[in-house]
Every structure is written in structure tokens, then in C-alpha cells.
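> coords please:
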Amino acid sequence: MNVIITNQNQSSIRSLNLEIIKEMNGEFSAEEIASTFKNFFYQRMIIDITAIKEYNDINNLQKLSIALDVDKLVLYLGNTEVSNSNEYLSALISMGIYNFTKNVDGIMYLYNNPNTYRDVAHFHNLSGFQHDETDDKVVQKDGKDTFIIGIENITTNSGATTLTYLMKQHLDVNYNVAAIELNKRDFSYLPDKELITANDDKIKSLVTKHRDKDVILIDLNQSKVGAKLCNEVIYLLEPSMLKLNKLVALHRKKVQELKNKRVVLNQSMLSSKDVLDFEYESKAKVFFNLPPLNERQHDIVVLNMFLKKLGFDKQYNEENDKKGKILGIFG
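Numbers count the residues shown, from 1 in each chain. Model prediction:
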């Protein structure tokens with residue numbers, strides 16, 4: 001069941017073939033919308049941009065991106081000049097809001113085929129890099145779209161290094177990829193001479209050096225410097241009772257802090273039902289549920305499914321899709 005929030009475009013949105021559990025019509029502040037749906041369960045939320053009070057102020061959209069699950073959000077922009085500007089769209093993408101459209105037919109398409117970052121990267125003002133010493137960030141200069149993904153362990157030893165390695169091996173088939181490990185030397189034990197190890201003080205120059213790549217993978221190892229450079233960060237949880245209880249004991253609110261982040265259950269034996277129970281109990285949405293992987297296998301179906309969900313469609317084919325459906329893999 002779905003939520004629709006409309007104003008000037010009510011009739012157009014109501015004409016769609018959607019099952020509606022709740023509807024709001026009028027103009028509402030970001031705070032009103034957030035408080036109304038903070039603990040409300042729904043499949044998708046379709047928002048008419050004109051229903052957001054002062055939507056021309058991008059900070060109001062940021063409030064929604066923090067309070068709501070952006071993966072469930074479809075934003076109808078209509079033909080408003082402000083919301084269709086390159087600056088506005090780029091800001092939405094920076095917040096993780098990828099599902100936006102200026103025509104009604106696009107709502108139903110996004111409802112069934114949600115965008116990933118790669119679908120909207122051409123709108124985003126992030127590519128090609130130079131150092132900006134004033135704010136310690138890497139910023140766009142030369143127009144090259146390099147997708148930078150960080151992989152971070154949340155529970156101890158959750159497999160970030162091995163997953164980074166396997167992602168590189170699979171993406172190498174169709175993409176130009178660099179993989180960097182920060183502040184450790186575990187890459188030296190893996191059979192790939194292209195793997196790079198570095199400390200925080202070298203990461204910016206390495207990203208600049210490899211800006212010709214399609215993808216840069218970074219095994220973060222708690223590096224805040226590296227995390228700032230990423231378009232996406234994947235947060236790995238190994239959902240065993242031992243590791244989860246240890247995490248909660250040491251960092252009581254850590255799982256709740258992962259709300260609206262890319263949480264991946266790694267080395268997981270949970271069923272689809274178990275994952276739903278985990279989401280309910282932790283209040284964190286699971287982006288993907290990865291079982292233990294065979295490091296010696298060259299074409300891992302479930303890993304290809306994971307890469308597809310991240311936006312790497314070249315890595316995925318109909319045969320994998322058939323296998324995935326047979327396996328009944330959650331994700």
C-alpha cells in the first residue's frame with residue numbers, strides 16, 4: 001500500500017493505478033510530513049513537489065531525506081523551473097533522492113523500476129577531481145564520472161576486505177576499476193597485484209590519479225577522510241547473535257544510526273523473513289542480504305545481483321536473473 005501527498009497535481013497523480021493507504025492534499029511543511037510518517041509503514045510514498053511548503057528551498061527536501069526512507073520515495077517535479085534546474089537535481093542526488101520525474105508516466109516507471117545512482121549520475125555535479133585545501137574535500141573539475149564506493153565494517157571483521165576484492169574481480173569484466181585499502185595491509189594476502197594499499201594522507205592523491213576509472217572501491221577501515229570522498233558507502237553487518245550483541249554492548253545506538261544508509265548483511269544466513277524481523281527490530285532498512293561467498297568462484301550469481309542493485313547493469317544478464325529467481329534471493 002502507498003502514500004500520496006499532493007497539491008497542484010492531485011488529479012494527475014490520483015489517476016494512476018496505485019493502491020493508496022493514506023492521502024494528504026494541500027501544502028505541508030517538511031516537519032509535518034516527517035512527523036506524520038515517522039513510524040508509518042508503506043511501500044512507496046509519491047510526493048507532488050508543490051505539496052512541500054517552500055520546496056524551492058532545498059533545505060526542506062534535506063529534512064525529508066533525513067526523516068524518510070528515500071528508497072521508497074518518488075518525487076513528482078512537474079514543470080516547475082526551480083525543481084528542474086541542474087543545481088536542484090544535483091542537490092537531490094547528493095541527499096540520496098534518486099527517484100524523481102517531471103511527467104506522470106515516470107511515476108509508475110519509477111514505482112516499478114527505482115533508479116540507482118548510475119541512472120541519475122549525469123545530473124550530478126560530482127566528477128573529475130582536484131584538491132580543495134580550504135574545506136578538505138575533493139571537488140569536480142574535468143567532467144569525468146567516476147563512481148566511488150566505500151565499504152565499511154560495522155560489526156567486527158564483517159568481510160569488507162574480501163567483499164571489496166570480490167567486487168573488483170566481478171566488475172573488472174565490464175568496467176575499469178581501482179580498489180584501495182586504507183590503513184591496513186590485508187590486500188597483500190590476496191592474489192591481485194592491482195590492489196592498492198595506502199594511508200589516509202595518500203587517499204586524495206590516489207583518487208585524483210585514478211579519476212580515469214569507472215569505479216573506485218575503497219576498503220575504508222573506519223577512515224573518515226576516505227568516507228568523505230565516496231558517492232556511496234556500504235555498511236556491512238554480520239547478523240550473528242554474537243556480533244550484533246557485542247556491537248550493541250559497545251555502541252548501543254550504532255544500528256539506529258544506520259537509518260537511511262546502505263546497510264548490507266554480509267556472510268548472512270538469514271532468510272527473507274529473518275531480514276524483515278531484523279528491520280523491524282533495528283529500525284534500519286537492509287539494502288541487500290549477502291550469504292557467505294566462495295572466494296574462488298569467478299561468477300557469483302548473488303554478487304552480480306548485488307552489483308546490479310548498486311547500478312552496474314552490465315554485470316548482470318538474463319541467465320543470472322533466472323538463477324536469482326530460482327534461488328529466491330532477497331534484495
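
> which residues does residue 264 form a beta bridge with?
When assigned by DSSP bridges, residue 264 has beta-bridge partners residue 236, residue 288.

> List the residues that contact it.
Going by Cβ atoms under 8 Å, 6 or more residues apart in numbering, residue 264 touches 234, 235, 236, 237, 286, 287, 288, 289, 290, 306. In short, each C-beta sits where N, CA and C put it, glycine included.

> For the protein, give me the ranges with low pLDDT.
124-145, 244-256, 313-331 (pLDDT under 70).

> coming back round to it: go through the contacts of residue 264 and name the one nearest residue 83.
Ranked by distance to residue 83 (Cβ to Cβ), the contacts of residue 264 are led by residue 287 at 26.8 Å.

> returning to what we had before: for the contacts of residue 264, which single residue is the most surrounded?
residue 306 (27 neighbours; other Cβ atoms under 10 Å).

> What is the helix or strand that one falls within packed up against?
Taking DSSP states H and E as the criterion, residue 306 maps to helix 301-310. Applying 3 or more Cβ pairs under 8 Å, 6 or more residues apart in numbering; DSSP states H and E, one finds that helix 301-310 contacts helix 160-171, strand 286-289, helix 318-327.

> Could you look up the next helix or strand downstream of the longest one?
Going back to what we said before, that points to helix 160-171. Taking DSSP H and E, what comes next after helix 160-171 is strand 177-182.

> so that next one versus helix 160-171, what angle?
Using axes from the mean of the first three to the mean of the last three Cα atoms, to 10 degrees, the inter-axis angle of strand 177-182 relative to helix 160-171 is 170 degrees.

> Report the strands that pair with strand 177-182, each with its relative direction.
strand 196-198 (parallel), strand 215-219 (parallel).

> Outline the domain layout of the chain.
2-123, 136-327 (automatic domain parsing).

> Compute the first-to-last residue distance for the first one.
What it means is domain 2-123. From its first residue to its last, domain 2-123 covers 28 Å (Cα to Cα, to the nearest Å).

> what distance separates that domain from the centre of its chain?
Relative to its parent chain, domain 2-123 has a centroid offset of 17 Å by Cα atoms, centre = their mean, to the nearest Å.

> what does stretch 236-243 give?
Distance, centroid of stretch 236-243 to centroid of chain: 20 Å (Cα atoms, centre = their mean).

> residues making contact with that stretch?
151-160, 163, 244, 247, 255, 263-268, 270, 274, 278.

> next one: stretch 303-316
By Cβ under 8 Å, 6+ apart, the list of residues contacting stretch 303-316 reads 116-119, 147, 149, 166-167, 170-171, 173-175, 215, 232, 264, 287-288, 290, 293, 320, 324, 329, 331.

> Show me which of the residues you listed are buried.
116-119, 147, 149, 166-167, 170-171, 175, 215, 232, 264, 287-288, 290, 293, 320, 324, 329, 331 (16 or more other Cβ atoms under 10 Å).

> Quick check: closest non-adjacent residue to residue 217.
residue 179 (4.4 Å; Cβ to Cβ, 6 or more residues apart in numbering).

> how many other residues sit next to the one you found?
The number of residues packed near residue 179 is 28, by other Cβ under 10 Å.

> same check, this time on residue 1
11.

> secondary structure class for the nearest residue to it once chain neighbours are set aside?
In space, and not counting its chain neighbours, residue 1 is closest to residue 21: 3.5 Å by Cβ to Cβ, 6+ apart. Judged by DSSP: H, G, I helix; E, B strand; the rest coil, the three-state class of residue 21 is strand.

> Return the residues in contact with residue 6.
13, 14, 23, 24, 25, 48, 51.

> So in terms of bridging, what pairs with it?
Beta-bridge partners, per DSSP bridges, of residue 6: residue 25.

> so how far is residue 200 from residue 234?
19 Å (Cβ to Cβ, to the nearest Å).

> do the same with residue 32
Taking Cβ to Cβ, one finds residue 32 at 42 Å from residue 200.

> just residue 98 next, same as before
29 Å.

> And the two? Which one has more around it.
residue 98 (24 against 13).

> I figured the more buried one was touching residue 117, is that so?
Yes: using Cβ atoms under 8 Å, residue 98 is in contact with residue 117, at 6.4 Å.

> closest to residue 79 out of the strands paired with strand 177-182?
Closest among the strands paired with strand 177-182, using Cβ to Cβ: strand 215-219, at 34.7 Å.

> Kindly calculate the angle that the closest one makes with helix 301-310.
110 degrees.

> contacting residues around strand 215-219?
Counting by Cβ under 8 Å, 6+ apart, 146-151, 160-161, 164, 167-168, 171, 175-182, 184, 186-187, 203, 207, 210, 226, 229-230, 312 sit against strand 215-219.

> Stretch 185-193 too?
161, 162, 165, 168, 169, 179, 181, 195, 196, 197, 219.
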